[in-house]
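J.: Okay, sequence plus prediction incoming.
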Amino acid sequence: MVALSAFHAALLLFSSVNAASDPIVDLGYAKYQGVVDSKLKITAFRGVRYAAPPTGSLRFRAPAAPSSTPGVQQAFNDPPQCYQGNSGPLTPVANNQTEDCLFLNVYTPSLNPSSRLPTIVWIYGGGYTIGFAGEYNGAELVQDSNNQAVSVVINYRLGLFGFLGGQQVKEGGALNAGLLDQEFALKWVRANIHKFGGDPNKVTIWGESAGAGSVVQQVIANGGKTNPPLFRAAISSSFYNPPQYQYNHSIPETWFNEAVTQAGCTGTAALDCLRAVDGATLAKINRNITNPNFETFLPVVDGSFIRQVPSAALAQGNVNVHTLLAVTNADEGGFFIDPTQEYDVAASARNLFPLLGVKESNEAAALYASEGSSAAQAAALRGDAVFKCPTHTLLGAFSGHSYKANYAIPPAYHAQDLINYFPSFTDFGVTLIFNNTAFVNAFAQSFTSFAVNLDPNVKLSPTITPVWKKWSRSFETEMVFNKTENDKPAIAPAKLSSTFLERCEFWYSVRHLTVQ
């Protein structure tokens, strides 16, 4: 990650602080004072606590309600980051990290409870290992909506703090604690967003990469029977779908044992011992435990909150919502591949999915032999297997009730779409590749129009996007957002290629081995 000084400078748009006049919202357990940007007509509440500190005896447990805090809390600054880990090419930011991190930011164009504005909840990505609310200026989503929506950006626990698996965690703590944080934040939104001018019955959850993976986890949570409903629609940007093992599978148990060993904890009381370890020491262990292929600490099938792998839950219609917009980038896998290296493509498949046999990995490699260099083959394989084909499976559960986009501005790597809807986003080395106002407005507003109206065709202001038909199994068409050789926007529907569909059919056929 690059330094965020420029990003934080951008957030100083909320600099017109007047403590005497800035609004105060009473949440019952605490009062928070926000900051009004009179130019944008947006009020920001940054650093609002939504859960108790997950420290001490609450470490590795489900989030708990916050205690009452007297006085007025100034919600003027971004909250601290949850402890960050290592995530392959994504180098963590090393400042302002703590275990006491369950906060969120709210951005609203109206504090009138009668406004009942649609609300967008953003869940950050980063491989379930890195990421934080302060990376994403939610005011930009409000602006994209023409001030017709409220936005909320949440923190959630990461790495071993949020996704430690294993039998001992099942018995003495909470599996998927990071996902439970997200659900707790969504419950907070349902209970409190009306105080910020939002409508708890018009919530759309949206995330990118592992944030989109988190969206899907919330979509399938509780066997698709979350009650009361916490959102009415979902947006998936580059759905990240790594293997999701049973909580007591040998792989999550291996990472649990590695954490225990590095912490000097042994025996049946190892989890209690881990709770007694200093947070900073545990954070160092979290950074030390790495895997060159996938992150070590990931969501698991826990048998209660998450009862099935996504493909199984989606195939059976065990979902909490019935309206979806999904986007993938044309070359998702290129972000993770060194184009100057030679790759054993079959071995790359086995590295991604350790349960694949030689036969299946060779079959996978053969599907990508036409891509050119071995690096291009490995990139296409990873992009399809981990992002694009899981998104195709996701869409299948919402046939006739979803829309599909393809961000194709070259090179269209993973995460390069982000800056179009978060202009101040500077992480992952992301820059705005196609600086064309008409294109950016069309692309970004597709998402906010969907969040506000459940239909990207009902536009918040005129854009150049043509009529966008719903995706269905009989009409597998996506809206492609690209440019011409003369740098003109090129936005048009296109059918999915037979080659892509053949590859996805293969990946779906081996889902019992990829554990997706």
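T.: On my side now, so go ahead.
J.: Next SSE downstream of the worst-scoring helix or strand of the chain on mean pLDDT?
T.: Ranked by mean pLDDT, DSSP states H and E, the weakest helix or strand in the chain is helix 5-10, scoring a mean of 40. Scanning forward in sequence from helix 5-10 by DSSP states H and E, the next helix or strand is strand 24-26.
J.: Pairing partners for the next helix or strand after that next one, with directions?
T.: Sequence-wise, the next helix or strand downstream of strand 24-26 (DSSP H and E) is strand 31-33. Applying DSSP bridges to the sheet, strand 31-33 is found paired with strand 24-26 (antiparallel), strand 72-74 (parallel).
J.: ok, which stretches of the stretch 51-200 of the chain are strands?
T.: 72-74, 81-82, 97-98, 103-108, 117-123, 150-154, 198-208 (DSSP state E, counting those that start in this stretch).
J.: can you redo the ones you listed as CSV with mean neighbour count, mean pLDDT and distance to Gln516?
T.: (Each C-beta comes from the backbone N, C-alpha and C, glycine too.) Shown next, in CSV, are the strands of the stretch 51-200 of the chain (neighbours: other C-beta atoms under 10 Å; pLDDT from 0 to 100; distance: least, C-beta to C-beta, whole Å):
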stretch, mean neighbour count, mean pLDDT, distance to Gln516
strand 72-74, 16, 98, 42
strand 81-82, 26, 98, 25
strand 97-98, 16, 96, 30
strand 103-108, 27, 99, 29
strand 117-123, 27, 99, 19
strand 150-154, 31, 99, 25
strand 198-208, 24, 99, 17
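J.: Using CSV, please lay out those together with distance to Ala51.
T.: Below are those laid out as CSV (distance: least, C-beta to C-beta, whole Å):
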stretch, distance to Ala51
strand 72-74, 15
strand 81-82, 12
strand 97-98, 14
strand 103-108, 9
strand 117-123, 15
strand 150-154, 10
strand 198-208, 17
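J.: returning to that earlier point: export the strands paired with strand 31-33 to a markdown table and tack on distance to Lys388?
T.: Shown next, in a markdown table, are the strands paired with strand 31-33 (distance: least, C-beta to C-beta, whole Å):
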| stretch | distance to Lys388 |
| --- | --- |
| strand 24-26 | 41 |
| strand 72-74 | 43 |
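J.: tell me the contacts of the spatially most central residue of the chain?
T.: Per C-alpha atoms, centre = their mean, the C-alpha nearest to the average position across the chain is that of Gly211, at 0.5 Å. Residues in contact with Gly211 (C-beta atoms under 8 Å, 6 or more residues apart in numbering) are 122-126, 131, 237.
J.: got the CA positions of the helix or strand it falls within in CSV?
T.: Assigned by DSSP H and E, Gly211 belongs to helix 210-220. Extracted in CSV, the C-alpha atoms of helix 210-220 (Å, rounded to 0.1, in the frame of the first residue of the first chain):
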residue,chain,number,x,y,z
ALA,A,210,-13.0,-9.6,0.1
GLY,A,211,-15.5,-6.9,0.8
ALA,A,212,-17.6,-8.4,-2.0
GLY,A,213,-16.9,-11.8,-0.5
SER,A,214,-18.2,-10.5,2.8
VAL,A,215,-21.3,-9.3,1.0
VAL,A,216,-21.9,-12.8,-0.3
GLN,A,217,-21.3,-14.2,3.2
GLN,A,218,-24.0,-11.9,4.5
VAL,A,219,-26.3,-12.9,1.7
ILE,A,220,-26.0,-16.6,2.6
